[in-house]
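[1] Mind looking at a prediction? Sequence and model below.
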Amino acid sequence: MDDAAPLEAENQHLRQQLQALLQEARANEEKMRRFERLEHRLIGAASLQELLQVLLQDYRQVFALDEVSLALVDGEQELARLLGAAQPAGLRLLPDAAALQRLHGETDLPQLGAFKPARHGELFAHVMASVALLPIRRHGRLIASLHFGSLDALRYTPDAGTQLLQRLAGILSVCLESALNQERLKLAGLTDALTGVHNRRYFEHRCLVEIAQARRHRHPLACLFLDIDGFKAINDRHGHAAGDVVLRTVGQSILGQLRAGDTIARWGGEEFVALLPQAGQQQAREIAERIRGRIAAQAVAASEQPIAVTISIGLSLLGHDIAGREPGQLAQDLLAAADQALYRAKREGRNRVVADSA
Ligand SMILES: Nc1nc2c(ncn2[C@@H]2O[C@H](COP(=O)(O)OP(=O)(O)OP(=O)(O)O)[C@@H](O)[C@H]2O)c(=O)[nH]1
């Protein structure tokens with residue numbers, strides 16, 4: 001009997017150890033299953049917006065993280081344009097990869113460890129206790145950096161395994177590139193190739209969306225028709241190629257002075273149109289004056305001599321009693337009123353802003 005007691009105790013100890021191991025294996029298996037489910041959702045994301053949502057919201061919830069953030073290189077600012085006002089919290093767009101290079105150096109491996117305010121402060125909105133930082137590379141180039149933050153200091157320690165995180169970084173780099181390419185293709189069909197601003201097709205679609213929103217939320221909506229003055233003479237004097245440079249410069253200059261939620265498109269020829277949601281008469285006039293003034297102030301270096309360029313702008317506002325009216329008709333009226341105002345601006349001497357008097 002006495003001999004059996006230690007054996008029994010050892011057995012019990014072994015059974016407990018086995019139990020603990022089994023529990024850990026089950027927990028790991030469950031974690032793996034959750035991880036795989038999220039991976040499938042990343043791969044299946046139908047748009048960039050959906051991909052960002054899986055990454056920034058779902059990962060945080062499913063893995064009970066305190067913060068997830070993503071820094072994305074957006075040198076051409078095309079993502080800023082694509083996402084517009086719909087930029088999700090936790091996403092930061094960077095003009096180049098320099099900051100990511102400083103963070104990750106040449107390594108492909110995730111960095112795990114304590115949160116250091118000086119080093120990690122700008123990656124997270126709040127102070128964390130431990131972090132995991134994943135470099136996302138495509139063809140060797142750093143294109144993004146994903147950051148997981150936890151208030152639990154033991155969640156990410158330097159000696160913890162990084163296999164799953166490495167796998168996530170690999171999958172994410174492919175998913176991100178594919179989502180970005182998809183968005184670029186969409187954008188290409190909606191962009192004017194010469195000036196780089198949206199085309200008329202996009203504008204017509206956007207106009208209906210903005211009118212519906214302005215009506216629902218009772219916000220003002222302003223429309224600008226912008227036309228380069230004496231453009232035929234610019235073409236005749238400096239050549240068609242120089243005329244193209246003028247068009248591109250003017251388009252980009254207008255774009256550069258609008259807010260993220262505004263829309264600018266090339267209507268055709270040397271005409272541009274813009275929509276300014278939530279801008280009333282006075283604000284829209286100020287914006288239009290600023291655009292006009294900026295273009296008039298800077299000659300375009302498109303030929304041997306700088307070319308002085310001016311534009312005329314017609315301004316109209318969505319009316320007040322629009323409740324029962326159809327958005328298509330409202331859009332036509334809005335554009336027709338801005339066009340009329342532009343016609344008056346031309347007649348009154350060009351290089352000016354005229355508001356629709358209706
Ligand atoms: N370089 C270039 N010229 C274009 C393009 N599209 C249209 N044009 C030219 O734009 C000119 C427009 O001339 P008009 O409509 O007479 O207008 P304007 O000379 O600007 O005169 P106002 O608008 O009355 O000040 C025409 O000569 C077109 O050939 C383009 O893509 N590139």
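    Structure received. Numbers count the residues shown, from 1 in each chain.
[2] which helices and strands does the helix or strand that contains Leu18 pack with?
    Using DSSP states H and E, Leu18 maps to helix 4-44. Contact analysis of helix 4-44 by 3 or more C-beta pairs under 8 Å, 6 or more residues apart in numbering; DSSP states H and E lists helix 59-62, helix 163-188 as its packing neighbours. Where C-beta positions appear, they are placed from N, C-alpha and C, glycine not excepted.
[3] and the next element down the chain from that helix?
    Moving toward the C-terminus from helix 4-44, the next helix or strand (DSSP H and E) is helix 48-53.
[4] Output that next one as PDB - backbone C-alpha positions only.
    The C-alpha trace of helix 48-53 is given here as PDB (Å, rounded to 0.1, in the frame of the first residue of the first chain):
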ATOM      1  CA  LEU A  48     -10.100  47.700 -50.000                       C
ATOM      2  CA  GLN A  49     -12.600  49.100 -47.500                       C
ATOM      3  CA  GLU A  50     -13.600  45.600 -46.500                       C
ATOM      4  CA  LEU A  51     -10.000  44.500 -46.200                       C
ATOM      5  CA  LEU A  52      -9.300  47.400 -43.900                       C
ATOM      6  CA  GLN A  53     -12.300  46.600 -41.800                       C
END
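[5] in that helix, what's buried?
    Buried residues in helix 48-53, counted by 16 or more other C-beta atoms under 10 Å: 48, 51-52.
[6] List the contacts of that helix.
    Helix 48-53 is contacted from outside by 42, 45, 70, 79, 82-83, 86, 88, 91, 175-176, 179-180, 182-183, using C-beta atoms under 8 Å, 6 or more residues apart in numbering.
[7] do stretch 327-343 as well
    Contacts of stretch 327-343 (C-beta under 8 Å, 6+ apart): 204, 207-208, 211-212, 215, 221, 223-227, 273, 312-319, 322, 354-358.
[8] show me what contacts Val73?
    For Val73, the contact set (C-beta under 8 Å, 6+ apart) comprises 93-94, 96-97, 100, 142-144.
[9] sorry, back to before: just the mean pLDDT for the helix holding Leu18, thanks.
    The pLDDT scores in helix 4-44 average 88.
[10] Could you check the angle that helix makes with helix 163-188?
    Helix 4-44 and helix 163-188 are oriented at 10 degrees to each other (axes from the mean of the first three to the mean of the last three C-alpha atoms, to 10 degrees).
[11] still on that earlier bit, now distance to Leu112 too, for the buried residues of helix 48-53, in a markdown table please.
    As requested, these are exported to a markdown table (distance: C-beta to C-beta, whole Å):
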| residue | distance to Leu112 |
| --- | --- |
| Leu48 | 28 |
| Leu51 | 24 |
| Leu52 | 23 |
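[12] Now, the contacts of stretch 327-343 that are in helices?
    204, 207-208, 211-212, 215 (DSSP state H).
[13] which one among those residues gets closest to Glu30?
    Proximity of the ones in helices among the contacts of stretch 327-343 to Glu30 (C-beta to C-beta) peaks at Ala212, which lies at 44.7 Å.
[14] distance of the closest one from the ligand?
    31 Å (C-beta to the nearest ligand atom, to the nearest Å).
[15] What is the neighbour count of the nearest residue to that residue once chain neighbours are set aside?
    The shortest distance from Ala212 to any residue other than its chain neighbours is 5.6 Å, reached at Pro327 (C-beta to C-beta, 6 or more residues apart in numbering). Neighbour count for Pro327, taken as other C-beta atoms under 10 Å: 17.
[16] Now for whichever residue of the stretch 101-250 of the chain sits closest to the ligand: which residues touch it?
    Proximity of the stretch 101-250 of the chain to the ligand (C-beta to the nearest ligand atom) peaks at Gly243, 2.8 Å away. Counting by C-beta under 8 Å, 6+ apart, Gly243 touches 231, 234-235, 302.
[17] Recalculate using a threshold of 6 Å.
    Counting by C-beta atoms under 6 Å, 6 or more residues apart in numbering, Gly243 makes contact with 234-235.
[18] what about it, helix or strand, and which?
    helix 240-256.
[19] quick one: average pLDDT of that helix?
    pLDDT averaged over helix 240-256 gives 96.
[20] Which parts of the protein belong to which domain?
    4-188, 200-355 (automatic domain parsing).
[21] Ok, which of those domains comes nearest Leu194?
    Of all the domains of the chain, domain 200-355 comes closest under C-beta to C-beta, at 6.1 Å.
[22] what separates that closest one from the chain centre, distance-wise?
    On the basis of C-alpha atoms, centre = their mean, to the nearest Å, domain 200-355 sits 23 Å off its chain's mean C-alpha point.
[23] So Thr157 lies in a helix, does it not?
    No. Thr157 is assigned coil when assessed by DSSP: H, G, I helix; E, B strand; the rest coil, not a helix.
[24] so how many other residues sit close to Val131?
    Counted with other C-beta under 10 Å, Val131 comes out at 25.
[25] for Asn181, that is, sorry about that
    Per other C-beta under 10 Å, the neighbour tally for Asn181 reads 11.
[26] Next: the one 10 residues further on.
    For Thr191, the count of nearby residues is 20 (other C-beta under 10 Å).
[27] Look up the residues forming beta bridges with it.
    His198 (DSSP bridges).
[28] can you tell me how far it sits from Ile291?
    20 Å (C-beta to C-beta, to the nearest Å).
[29] what do you get for Ala144?
    34 Å.
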